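Q: no sequence on this one, just coordinates:
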């Protein structure tokens, strides 16, 4: 169990550029989540997958955001035409997917700064 | 949309003091979790409470789930500098939001030696 891995840890980009983040969940975890967190605030739900199926998307996830989990393993989150308001920590979490209230294991996040 | 309100937002205390953090909602949650987060890291689960009225203890931390499953509290006895961090409550709504975890805005706790 190597934990949830996120890459990169930090990303600085210019407004208007596209960025892509990767998340590798704990192996055999069926459920994968993406959250966004700003400084001193709680994480805000973006989307989650059960295996490769994207089951729910938040209204926070505008048309510029897209997430995939093509083979039910790793996931990518892409932000197109980044805006300064996208600056935040993007957290990925995974869980076994057997119970609705089970423990989520979080990665260390990707800190995005849009200049 | 189900919201969780945490209070206080900031808490600065001396080592050895007791404190309580509250998590309230107007909605019923099927279960609530408490997480602790260090700067630059992801949240780490402390406890899950499922049954209304449930009380769980984790060393100096006591967690309670309200009878109506709309609120929860975290009580820390004799706080230590190592308790410093961001404390987050989070709830599973169940139903059509099966598996989705909603977080409160967090309580930043600073314990001074």
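A: Right, received. Where do you want to start? Since this is a predicted model, take the numbers as computed values, not measurements.
Q: Quick check: which element contains the residue most central in space within chain A?
A: The centroid of chain A falls nearest to residue A:34 when counting by CA atoms, centre = their mean (3.1 Å). Using DSSP states H and E, residue A:34 sits within strand A:31-37.
Q: Test for you: state the pLDDT assigned to the residue nearest to the centre of chain A.
A: Looking at residue A:34, its pLDDT is 96.
Q: Now do it against chain B, distance only.
A: Using CB to the nearest CB, to the nearest Å, we find residue A:34 at a distance of 12 Å from chain B. Every C-beta, even on glycine, is put in place using the N, C-alpha and C of the backbone.
Q: So that residue sits against residue A:89, correct?
A: No - applying CB atoms under 8 Å, one finds residue A:34 not in contact with residue A:89, separated by 11.4 Å.
Q: Select the helix or strand of the chain having the lowest average pLDDT value.
A: Since you didn't name a chain, this refers to chain A. With mean pLDDT, DSSP states H and E as the measure, the helix or strand of chain A carrying the lowest mean pLDDT is strand A:53-57 (a mean of 89).
Q: Can you look at chain B instead?
A: Ranking every helix and strand in chain B by mean pLDDT, DSSP H and E puts strand B:97-103 at the bottom, with a mean of 75.
Q: how about the following helix or strand past that one: buried residues?
A: Downstream of strand B:97-103, the first helix or strand assigned by DSSP H and E is strand B:107-112. Judged by neighbour count (16 or more other CB atoms under 10 Å in any protein chain shown), strand B:107-112 contains these buried residues: B:107, B:108, B:109, B:111.
Q: ditto for stretch A:62-71
A: Of the residues in stretch A:62-71, those scored as buried under the neighbour-count criterion (16+ other CB under 10 Å) are A:65, A:66, A:67, A:69.
Q: Up against chain A, what does chain B have?
A: Contact residues of chain B with respect to chain A, defined by CB under 8 Å from any CB of the partner chain, are listed as B:4, B:6, B:30-31, B:33, B:40-45, B:48, B:50, B:86, B:88, B:90, B:92, B:94, B:97-106, B:108.
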